[in-house]
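> need coordinates for the below:
(one chain, ligands or ions: 1)
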Amino acid sequence: MKKEVKIRPFWYSDIWLFPKLITVVTTLDAKGGINAAPYSHIMQYDVMAKNPRMIMGFRQDSHTFENICATKEFVINCPPADYVDDVMETARFYPEGVNELEHTRFTAIPSLKVKPPSLKECPQIAECVADEIVKLDKSSGIVIAKIVALVFDEGLEEMDRAARIRAMNLPVGLGDEARRDYFFATTENMTCHTLKETPQGYAAAGLKIELPWDDDAMQELMKVPPFVRTMVTRQVERYTQKKGDARVTAAHMTAAANDLGMDEALLARFRGKKD
Ligand SMILES: Cc1cc2nc3c(=O)[nH]c(=O)nc-3n(C[C@H](O)[C@H](O)[C@H](O)COP(=O)(O)O)c2cc1C
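Here you go, the predicted model:
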C-alpha cells in the first residue's frame with residue numbers, strides 16, 4: 001500500500017531521502033576574510049566540457065551566499081568521511097567574520113585559479129566562478145557557476161573507479177533530523193552492477209542475425225568493437241552451423257572468436273578499454 005505524504009517545510013530533507021554529496025564551500029568576504037560551511041544542494045548543470053557548470057542552492061542569508069554574490073568566486077571541497085566532525089564544526093552559526101576553519105583540522109591552501117582557499121585534506125575540489133544568481137522569492141538563492149578548475153590529489157586520476165572510491169572515502173549525506181542530527185553513510189560496502197545489452201542489442205546496433213543467440217553469447221558479441229562485429233557475427237553463425245547446431249551459445253562465440261585470432265587477451269583489452 002502507498003500513502004501520499006503532506007509536503008511540509010524542509011520536505012527535501014525531512015521526508016524525501018536524498019543521498020547527497022558532502023562539500024565544504026570556501027569563500028572570501030568583502031574584506032578578504034575566509035568563510036567555510038557545508039553544502040549538499042549541488043549538482044552538475046552544464047555537463048559539456050566546453051562550459052562545465054555546477055548548480056547550487058543556498059539559504060539567502062548565509063555568509064556563503066552573501067560572499068558569492070559579492071565576490072562571485074568559491075571553492076567546492078569534498079572531504080573524506082573521517083573529516084565529517086570537522087564538516088559539522090563549519091556548520092555552526094558563527095558570527096560574520098569568523099574563519100570556521102580555525103575550529104577544524106582543515107588546512108587552507110591557495111587555490112589555482114580563484115582567490116578563496118582550497119582545503120588540503122579534500123581529495124576532490126572544484127574552483128568556481130558564479131555566472132548566474134537567482135534569488136527565489138522567500139526561498140533559496142540558486143547559483144549557477146562555471147568550474148574554472150577541477151583539482152584532485154595526485155594519483156587519483158590514474159586509479160580505476162573502485163580503487164578511487166576507496167581512496168577518496170567520500171561520505172554520503174542522508175539528511176538530518178530537525179537540523180540537529182545529521183546522518184551520513186560511507187562507501188565501504190559499495191557494490192558494482194553491470195549494465196547489460198538488451199537481448200535485442202544486435203537490433204539497436206543495426207546487426208543482422210540469421211540464427212537465434214543465447215543471451216550471454218549476445219552479451220559477448222556486443223563487447224566486440226563495432227567495426228568488426230558484422231564480420232564476427234557471420235563467422236560465429238557459420239561456425240555454429242558447421243557444428244550442426246541451430247542456436248549460438250557462449251561456447252560457440254568463444255570458440256569462433258578464438259578461431260578468428262580474437263583470443264581472451266585481445267577481447268579483455270576491448271572490454272577494459274578506457275576512453
Ligand atoms: C551536511 C550539511 C549540508 C548542508 N547543506 C546545505 C545546503 O545545501 N544549503 C544550505 O543553505 N545550507 C546547508 N547546510 C547548512 C549550512 O551549512 C549552515 O547554515 C551554515 O551555518 C551556513 O554557514 P555560512 O553562513 O557561513 O554560509 C548544510 C549543513 C550540513 C551540516
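
> quick check: the residue of the chain most remote from its centre vs the ligand, distance?
Relative to the centre of the chain, the most outlying C-alpha is that of Gly244, 48.6 Å out, by C-alpha atoms, centre = their mean. Distance, Gly244 to the ligand, by C-beta to the nearest ligand atom, to the nearest Å: 64 Å. Quick note: C-beta positions are derived from backbone N, CA and C, even for glycine.

> check which helix or strand covers that residue.
According to DSSP states H and E, Gly244 maps onto no helix or strand at all.

> give me the domain ranges for this structure.
11-185, 201-266 (automatic domain parsing).

> and the end-to-end length of the longest one?
Across domain 11-185, the terminal residues are separated by 20 Å (C-alpha to C-alpha, to the nearest Å).

> quick one: it to chain centroid distance?
Its chain's C-alpha centre and that of domain 11-185 lie 15 Å apart, by C-alpha atoms, centre = their mean, to the nearest Å.

> re the thing from before, now the domains of the chain in a markdown table, with distance to Leu195 and mean pLDDT?
Formatted as a markdown table, the domains of the chain follow (distance: least, C-beta to C-beta, whole Å; pLDDT from 0 to 100):
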| stretch | distance to Leu195 | mean pLDDT |
| --- | --- | --- |
| domain 11-185 | 14 | 96 |
| domain 201-266 | 11 | 84 |
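
> quick check: which of these is nearest to Thr191?
domain 11-185 (10.3 Å; C-beta to C-beta).

> and stretch 169-180, what's buried?
170-171, 173, 175 (16 or more other C-beta atoms under 10 Å).

> contacting residues around that stretch?
10, 13-14, 17-22, 40, 78-82, 84, 124, 182-187 (C-beta atoms under 8 Å, 6 or more residues apart in numbering).

> equivalent analysis for stretch 245-255, please.
211-214, 216-217, 220-221, 236-237, 239-240, 243.

> residues of the longest helix along the chain that come out buried?
Counting by DSSP state H, the longest helix found in the chain is helix 226-242. Buried positions in helix 226-242, judged by neighbour count with 16+ other C-beta under 10 Å: 229, 232-233, 235-237, 239-240.

> and what of stretch 243-252?
In stretch 243-252, counting by 16+ other C-beta under 10 Å, buried: 248-250, 252.

> and it, how far apart are its ends?
End to end - C-alpha to C-alpha - stretch 243-252 spans 9 Å.

> in the chain, which spans are strands?
Per DSSP state E, the chain carries strands over the ranges 20-21, 23-28, 34-39, 42-44, 53-59, 73-78, 108-109, 118-119, 124-135, 140-152, 172-177, 181-185.
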